[in-house]
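Asker: Got a predicted model here, sequence first, then my questions.
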Amino acid sequence: MIAPFYKYGLFGDEVSLILAAVIGVGFGFFLERAGFGSSRKLAAQFYFTDMAVFKVMFSAIVTAMLGLFYLSWAGLVDISMVYVSPTYLLPQLIGGLVLGLGFIVGGYCPGTSVVGISTGRLDAVAFGGGVFSGIFVYGELYPWLADFVKSTSMGRVTLDSWLGVDVGMVVFAVVVMAVLGFWGATTVERKLARREAEA
Amino acid sequence: MNRADPRAWGINQKLAFLAIALGALALIGSPSPGGAVTINTQELADIVESEVDHVTVEELADWVVQDRADYRLLDVRDPESYARYHIPTAESVELRDLHGYPLYHNEKIVIYSDGGIHSAQAWFLLRAEGFAGAYILLGGLDAWKDAILFPELPADATPDEVASFESRRAVSELFGGKPRTGGGGTANPAEIPLPKVKPPAAVAAPRARKKHHKEGC
């Protein structure tokens, strides 16, 4: 049996929802254990004093990428069945900026705010309220935004097809980028910690 | 990181080394799409058997209505039939042009013809070339006409059937079709004129359209 199991019909909607709940709880648990239930830790990312968010996210990307690459190489995952969200360049750029702004101001991203709520943090509860009112306002404004949201559509784009190189080349480049990034992040952290100690 | 004694490496250094090693190995072991593939006939037979190789007309109608960009729809009938009518978002490709037609190996590709024979042949051609995401539109254009364009409500319909017919009526009208009610009416969908294809530009130059079709640059 090759993955993705759901798309190959190994189980149906109900089982996939149960699995989603189990995976979701696991994801939340490890976010909390990594300290991501605290807005202080998350906001520190943007002041380069604690690069844990960057490191965790990039580790996850590299792990998942290498896993998918080698599993598909071994014929255990049908990569063409894995969902790749279509690219809408301009709307996604602006959406990313809005999300980043909210991240700095509120100290959470949507996922970590749920983690914060689960441990009873009031700022996370307030943030969650903001998320849902934002969704509501967006929903109400959608008719005016619809044209923009669907503009600059590029379909299903992946780095290898866009750059015209082998998948393996992209895998290698991303790994090198990640390792250099980890090294750089740790250096910056140490430098700022030293400056803090001197001040 | 480049300390001479590997035993002095911490867990971070070891993981970084492992990642770089696996990344470097990926350069050689790339499962390059577009390379030669061996056809696993047993695997193909299993796929056919388990019926995961098709998409129903209802699913396709949903995708068209939702304006989804994550699939390609190929019409493998002759260009004249395509010009007369085709399912919205479809691209016209004849069987003999399928080899070399610009498709990506990681795309979801749905193929249809009038019935199922030509689309099944096209499906095998694409699978043989390693397009793992190829699907057949179940029942082809005939099923599309029967179920989506001209859905029929039998005279002796149960209340459940009547209720579900209302949503099918809406879908049918959206695609410019005409629902059939009462059973005794126009029985043969072939006698009902097919809706005009929109936009007309697509009919005039179906080949030119594919460049802009959903794929962007």
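Answerer: Nice, thanks for sending it over. Residues are numbered from 1 along each chain as shown, chains lettered A, B, ... in the order given.

Asker: Please count neighbours and contacts with C-alpha atoms only from this point.
Answerer: OK.

Asker: quick one: secondary structure of B:Leu74?
Answerer: Secondary structure for B:Leu74, judged by DSSP: H, G, I helix; E, B strand; the rest coil, is strand.

Asker: wait, what's in contact with it?
Answerer: The contact partners of B:Leu74, by C-alpha atoms under 8 Å, 6 or more residues apart in numbering or on different chains, come to B:90-93, B:109-112.

Asker: What's opposite it in the beta bridge?
Answerer: As for beta bridges, B:Leu74 partners with B:Glu91, B:Ile111 under DSSP bridges.

Asker: Now do the same for it: its pLDDT.
Answerer: pLDDT for B:Leu74: 93.

Asker: how far away is it from chain A?
Answerer: Separation of B:Leu74 from chain A (C-alpha to the nearest C-alpha, to the nearest Å): 16 Å.

Asker: Distance of that residue relative to B:Thr56?
Answerer: 15 Å (C-alpha to C-alpha, to the nearest Å).

Asker: what does B:Pro154 give?
Answerer: According to C-alpha to C-alpha, B:Pro154 stands 21 Å off from B:Thr56.

Asker: wait, isn't A:Asp166 in contact with A:Phe172?
Answerer: No: using C-alpha atoms under 8 Å, A:Asp166 makes no contact with A:Phe172, being 10.1 Å away.

Asker: And what about the residue nearest to the spatial centre of chain A, helix, strand or coil?
Answerer: Chain A has A:Met57 as the residue nearest its centroid, 6.7 Å off, counting by C-alpha atoms, centre = their mean. The assignment at A:Met57 comes out as helix when based on three-state DSSP.

Asker: Confidence-wise, which helix or strand of the chain is lowest on average?
Answerer: By default, I'm working from chain A. The weakest-scoring helix or strand in chain A, judged by mean pLDDT, DSSP states H and E, is strand A:153-155 (a mean of 78).

Asker: not what I meant, chain B
Answerer: helix B:200-204 (a mean of 36).

Asker: what separates the residue nearest the centre of chain B from chain A, distance-wise?
Answerer: Central residue of chain B (C-alpha atoms, centre = their mean): B:Val110, 2.0 Å from the mean position. Distance of B:Val110 to chain A, given as C-alpha to the nearest C-alpha: 13 Å.

Asker: all strands for chain B, in order.
Answerer: Assigned by DSSP state E, chain B shows strands spanning B:54-55, B:72-75, B:90-92, B:109-112, B:134-137, B:152-153, B:180-181.

Asker: My error: substitute chain A in the last question.
Answerer: Using DSSP E, the strands of chain A run over A:87-88, A:153-155.

Asker: Give me the average confidence score over the shortest one.
Answerer: Regarding strand A:87-88, the rounded mean pLDDT is 88.

Asker: Same check on stretch B:21-40?
Answerer: Stretch B:21-40 carries an average pLDDT of 67.

Asker: what does stretch B:165-184 give?
Answerer: Mean predicted lDDT for stretch B:165-184 stands at 76.

Asker: Give me the longest helix you can find in chain B.
Answerer: Scanning chain B for the helix with the most residues, using DSSP state H, yields helix B:11-28.

Asker: what's the answer for chain A, then?
Answerer: Scanning chain A for the helix with the most residues, using DSSP H, yields helix A:167-198.

Asker: B:Ala170 and chain A: what is the separation?
Answerer: In this view, B:Ala170 and chain A are 21 Å apart by C-alpha to the nearest C-alpha.

Asker: what separates that residue from B:His86, distance-wise?
Answerer: Distance of B:Ala170 to B:His86, computed by C-alpha to C-alpha: 19 Å.

Asker: How about A:Val175?
Answerer: Distance from A:Val175 to B:His86, by C-alpha to C-alpha: 45 Å.

Asker: How about A:Ala34?
Answerer: The gap separating A:Ala34 from B:His86 is 53 Å, by C-alpha to C-alpha.

Asker: Comparing those two, which residue is more hemmed in?
Answerer: B:His86 (24 against 14; other C-alpha atoms under 10 Å in any protein chain shown).
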